[in-house]
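A.B. asks: I would like to see how this sequence folds:
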Amino acid sequence: MGGFIGSDSVAQLRGRFSGHVLEPGDPSYEEARRIHNGMVDKHPALIARCQNTADVVDAVNFGRDHGIEVSVRGGGHNIAGRAVTEGGLMIDLAPMKGIYVDPARRTVRAQGGVTWREYNRTAHLAGLATTGGMVSTTGIAGLTLGAGLGWLMGKYGMAIDNLLAVELVTADGQAQTVTEETDADLFWGLRGGGGNFGVAASLEYRAHPVSTVLGGIVAYPLADAVRVLRVVREVAAELPDECIVAAGLVPAPDGSGQKIIAVPVCHIGEIEKAKRDVQALRSAATPLLDAIEPMPYPVMNTLLDGAYPRGVRNYWKSAFFKEFNDEAVETMAAAFEKAPSIMSNFILEHFHGAVTRVGATETAYPHREPGYNLVVISEWLDPTEDEANIAWAKESFDALAPYTTDAGYVNYLAHDEPDRVRAAYGPNWERLVQLKRRVDPDNFFRLNQNIDPKAE
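C.D. replies: Predicted coordinates:
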């Protein structure tokens, strides 16, 4: 796609590259082009597997000089599949795994290919953690640039609320450290603006003393969904910042196909108080499973991983609830019963505490109101079932439209929702367009939930 890539040019890139430059047919190419969503089956002309920031700079310059489409892969988890280009250059940060923890300053600096599992494991050695993802296989860079909700956001805000600096490679091939002090406007845009402004070669975060948490899942029969979610609403309204609760209409993890309602919780406060705070959630009905117990935070952050395996086919729809009542729950339960795949599910994420105490325009991510985010997750294995499973997600989402807003979390937008990007940024859209015009006027970084510099 775009310009011509000559063999001599590729040889020159390889000659100065610390990492590996892959072409179709190379032994590692097939694995490198695959990302989390198995529906994405694109074939880059080149994959630049970077080892360091200098590699990223060379890859950006190569893509720009040859006029080819460029994509950027961090963890490769984003469901829209924008990490891979068809026929262009994929800048792959996955080999960039460096992590440095400063226990005295309580900061962590990590390269753009790190996942939250890797980040948590290393930070935990110092008894520290940063808000990052409900699923640990997610990459830190993409999640953070899109805002970064997670289990610690009630007490410590989103990932962007803990971001201190980004080592950014911009479209002109320049590497710069962006902070509040060096470029306040760009730093504002990086906190929620996605990959629109450059490649995050590394990120530095504020970390917090989090070690053992009270966490886990309590599950009930689907027939108790209305009753259980009434209790969730009541309890969530009174929870301290230290506790985050979610809920899901999900298939039982034993593969039986039984449909259940699961309530995951993570409480980072004192254990005995934490048990009292979540007790009502554990007795909302007669549980099928109660697996809430003290555990290391890195273990808590892996509990949902098994429900979202790499390589299965995915289509998601998401929006914030404006009214989360019994009728909405009944609509969800009815839609869930019709799911054509036993892997599909509905997830509810509760926003409260520190994440809601940041103004809508203080960061590029604007949605700070207390309440619930809805994610309709369609997952399946057989490509011949694509149409049915995508249709189910869309129909379920449409059925819930009377209860939701137009706004969405940009990290959850699907590949076919460009019309929702403006609403995802709400009152910050015009400022983001102006910033894009300054930093990337030619829209070099456009394989993302794009902020078009030519937008009105």
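A.B. asks: count of neighbours near Ala414?
C.D. replies: Counted with other Cβ atoms under 10 Å, the neighbours of Ala414 add up to 21. Backbone N, C-alpha and C define where each C-beta goes, glycine included.
A.B. asks: how about it, secondary structure?
C.D. replies: Using DSSP: H, G, I helix; E, B strand; the rest coil, the structure places Ala414 in coil.
A.B. asks: My guess is Gly311 contacts Asp41. True?
C.D. replies: No: using Cβ atoms under 8 Å, Gly311 is not in contact with Asp41, being 11.2 Å away.
A.B. asks: now the strands for the stretch 201-350 of the chain?
C.D. replies: 208-209, 212-221, 243-251, 259-267, 289-290, 293-296, 313-320, 345-351 (DSSP state E, counting those that start in this stretch).
A.B. asks: CSV please, covering those strands and showing distance to Ala123 and mean pLDDT.
C.D. replies: Converted to CSV, the strands of the stretch 201-350 of the chain look like this (distance: least, Cβ to Cβ, whole Å; pLDDT from 0 to 100):
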stretch, distance to Ala123, mean pLDDT
strand 208-209, 9, 98
strand 212-221, 14, 98
strand 243-251, 18, 97
strand 259-267, 16, 97
strand 289-290, 29, 96
strand 293-296, 11, 98
strand 313-320, 28, 97
strand 345-351, 22, 97
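A.B. asks: For Gly195, which of these is the nearest?
C.D. replies: For Gly195, the closest of those is strand 313-320, at 18.1 Å, according to Cβ to Cβ.
A.B. asks: Quick check: neighbours of the closest one in the sheet, parallel or antiparallel?
C.D. replies: strand 371-380 (antiparallel) (DSSP bridges).
A.B. asks: related to what we said a few turns ago, dump the strands of the stretch 201-350 of the chain to a markdown table, plus mean neighbour count and distance to Gly142.
C.D. replies: Formatted as a markdown table, the strands of the stretch 201-350 of the chain follow (neighbours: other Cβ atoms under 10 Å; distance: least, Cβ to Cβ, whole Å):
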| stretch | mean neighbour count | distance to Gly142 |
| --- | --- | --- |
| strand 208-209 | 14 | 22 |
| strand 212-221 | 22 | 24 |
| strand 243-251 | 24 | 20 |
| strand 259-267 | 26 | 22 |
| strand 289-290 | 14 | 32 |
| strand 293-296 | 15 | 25 |
| strand 313-320 | 23 | 15 |
| strand 345-351 | 23 | 17 |
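A.B. asks: With distance to Arg420 added, can I get these in CSV?
C.D. replies: CSV is the format used below for the strands of the stretch 201-350 of the chain (distance: least, Cβ to Cβ, whole Å):
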stretch, distance to Arg420
strand 208-209, 33
strand 212-221, 30
strand 243-251, 23
strand 259-267, 27
strand 289-290, 36
strand 293-296, 36
strand 313-320, 9
strand 345-351, 18
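A.B. asks: Contacts for stretch 100-107, please.
C.D. replies: 108-110, 122-123, 125-128, 164, 204-209 (Cβ atoms under 8 Å, 6 or more residues apart in numbering).
A.B. asks: Show me which positions of stretch 26-37 end up buried.
C.D. replies: Burial within stretch 26-37, assessed by neighbour count using 16 or more other Cβ atoms under 10 Å, is assigned to 29, 32-37.
A.B. asks: Filter those down to the ones in strands?
C.D. replies: Among the buried residues of stretch 26-37, no member falls in strands (DSSP state E).
A.B. asks: what bits of this structure have low per-residue confidence?
C.D. replies: For the chain, the stretches with pLDDT under 70 are 1-4.
A.B. asks: send the alpha carbons of stretch 149-166 over as CSV?
C.D. replies: This file holds the C-alpha atoms of stretch 149-166, laid out as CSV (Å, rounded to 0.1, in the frame of the first residue of the first chain):
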residue,chain,number,x,y,z
LEU,A,149,-9.0,1.7,33.0
GLY,A,150,-8.2,-1.1,35.5
TRP,A,151,-8.6,-2.6,39.0
LEU,A,152,-6.8,0.2,40.8
MET,A,153,-8.7,3.2,39.3
GLY,A,154,-11.0,3.8,42.2
LYS,A,155,-8.0,4.7,44.4
TYR,A,156,-5.4,5.8,41.9
GLY,A,157,-7.2,6.8,38.8
MET,A,158,-6.6,5.5,35.3
ALA,A,159,-3.2,4.7,33.7
ILE,A,160,-3.1,8.1,32.2
ASP,A,161,-3.6,9.7,35.6
ASN,A,162,-0.3,8.0,36.7
LEU,A,163,1.6,8.8,33.5
LEU,A,164,4.7,10.9,34.1
ALA,A,165,6.5,10.9,30.8
VAL,A,166,6.5,9.3,27.3
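A.B. asks: For ChimeraX, what selects the buried ones among the contacts of stretch 100-107?
C.D. replies: Paste this into ChimeraX to select the buried members of the contacts of stretch 100-107, with burial taken from 16+ other Cβ under 10 Å:
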select :108,109,110,122,123,126,128,204,205,206,207,208
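A.B. asks: Among the contacts of stretch 100-107, give me the pair with the biggest separation.
C.D. replies: Leu125 and Leu164 (19.9 Å).
A.B. asks: Now do the helices in the stretch 51-200 of the chain.
C.D. replies: For the stretch 51-200 of the chain, the helices defined by DSSP state H, counting those that start in this stretch cover 53-65, 116-124, 140-145, 153-156, 184-190.
A.B. asks: which residue sits closest to Ile390 in space, ignoring its chain neighbours?
C.D. replies: Among residues not flanking Ile390 along the chain, Tyr315 sits closest, at 4.7 Å (Cβ to Cβ, 6 or more residues apart in numbering).
A.B. asks: actually Val114, not the one I typed
C.D. replies: Using Cβ to Cβ, 6+ apart, the closest residue to Val114 is Ile140 (5.0 Å).
A.B. asks: check contacts around the one you found.
C.D. replies: 74-75, 110, 112, 114-116, 119, 132, 159, 203.
A.B. asks: Quick check: phi and psi at the residue lying closest to Arg227 once chain neighbours are set aside.
C.D. replies: Excluding the flanking residues, the one nearest Arg227 by Cβ to Cβ, 6+ apart is Ala285, at 5.5 Å. With angles defined as degrees, to the nearest 10, Ala285 sits at phi -160, psi -160.
A.B. asks: Was I right to think Ala285 contacts Val218?
C.D. replies: No: taking Cβ under 8 Å as the definition, Ala285 is not a contact partner of Val218, at 9.7 Å.
A.B. asks: you'd agree Ala354 is in a helix?
C.D. replies: Yes: assigned with three-state DSSP, Ala354 falls within a helix.
A.B. asks: quick one: the closest residue in space to it that isn't next to it in sequence and Leu374, what's the gap?
C.D. replies: Setting aside the residues directly before and after it, Ala354 is nearest to Gly157 in space (Cβ to Cβ, 6+ apart), at 4.4 Å. Computed with Cβ to Cβ, to the nearest Å, the distance linking Gly157 and Leu374 is 21 Å.
A.B. asks: per-domain residue ranges of the protein.
C.D. replies: 7-92, 99-209+429-439, 212-412 (automatic domain parsing).
A.B. asks: Which helix or strand contains Ser396?
C.D. replies: Using DSSP states H and E, Ser396 falls within helix 386-399.
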